[in-house]
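> mind folding the following:
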Amino acid sequence: MMSLILILMFSFFNSNPPDTYQTPMHIKVADSIQEAVGDRLAARHKMKLIGQSGALFDAINELGFRFQVTGPKTKDELRGILVDCTEELVNAVNQTEGISQYLGSYPFTVDKVDLIIFLYDEHMRDIYYPSYATAFVNSGRLRYCTLEEGGMGYKTREYESYEEALKALGR
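Okay, here's the model as predicted:
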């Protein structure tokens, strides 16, 4: 009797439930947009795509990428890359047919873009002040940060609005 109970318990705990989870359509749409745009941006700016991000709980609320690039790069170079990547993603989302039903709010705007560029030297080592180590776009703001050699965290942080970035680029 005891062995029968053990066999039943073993079978119950080791059984695989049927695969009933299906990826929601808004996640499939977000994935397809990110796959196409991420590869295109990486090639255009000679970056390595190392990750994607998104706020996709109930709809496409935010999308983004994580890139790695060899530096150093100037603030102007980084600004140009960040703005180009942001515009490419925003346009790709808004030009996707039938996208509005999958977005948390339509149209998709720069406020919903989350990009990070990590900069390393040619030997994949950190780059320190005064060169930039990371550059971000998040919530419609650009941020440029430097690292302090031997320190923890960022040494400097510079911020600008998306509108200020466009003005600095002459747009």
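
> so what's the spatially most central residue of the chain up against?
In the chain, the centroid-proximal residue (C-alpha atoms, centre = their mean) is Phe65; its distance is 2.3 Å. Applying C-beta atoms under 8 Å, 6 or more residues apart in numbering to Phe65 gives the contacts 34, 37-38, 41, 49, 51-53, 85, 89, 115-116. Bear in mind the C-beta positions are built from the backbone N, C-alpha and C, glycine included.

> next structured bit after the helix or strand of the chain with the lowest mean pLDDT?
Sorting the helices and strands of the chain by mean pLDDT, DSSP states H and E puts helix 2-14 at the bottom, at a mean of 45. Following helix 2-14 in sequence order, the next helix or strand is helix 25-44 (DSSP states H and E).

> quick one: the very next helix or strand once past that next one to chain centroid distance?
Proceeding N to C from helix 25-44, the next assigned helix or strand is strand 48-55, under DSSP H and E. Its chain's C-alpha centre lies 4 Å from the corresponding centre of strand 48-55 when counted by C-alpha atoms, centre = their mean, to the nearest Å.

> next one: Leu56 from Thr23, what distance?
10 Å (C-beta to C-beta, to the nearest Å).

> and the two? which has more neighbours close in?
Leu56 (18 against 8; other C-beta atoms under 10 Å).

> show me what contacts the more buried one?
When contacts are counted by C-beta under 8 Å, 6+ apart, Leu56 touches 26-27, 30.

> can you list the low-confidence ranges for the chain?
1-19 (pLDDT under 70).

> helix, strand or coil for the residue nearest to Arg44 when sequence neighbours are not counted?
Sequence neighbours aside, Asp84 is the residue nearest to Arg44 in space, at 7.5 Å (criterion: C-beta to C-beta, 6 or more residues apart in numbering). Under DSSP: H, G, I helix; E, B strand; the rest coil, Asp84 falls in the helix class.

> top of the contacts of Leu56 by number of neighbours, please.
Scoring those on neighbours with other C-beta under 10 Å, the highest-scoring entry is Ala30 at 25 neighbours.
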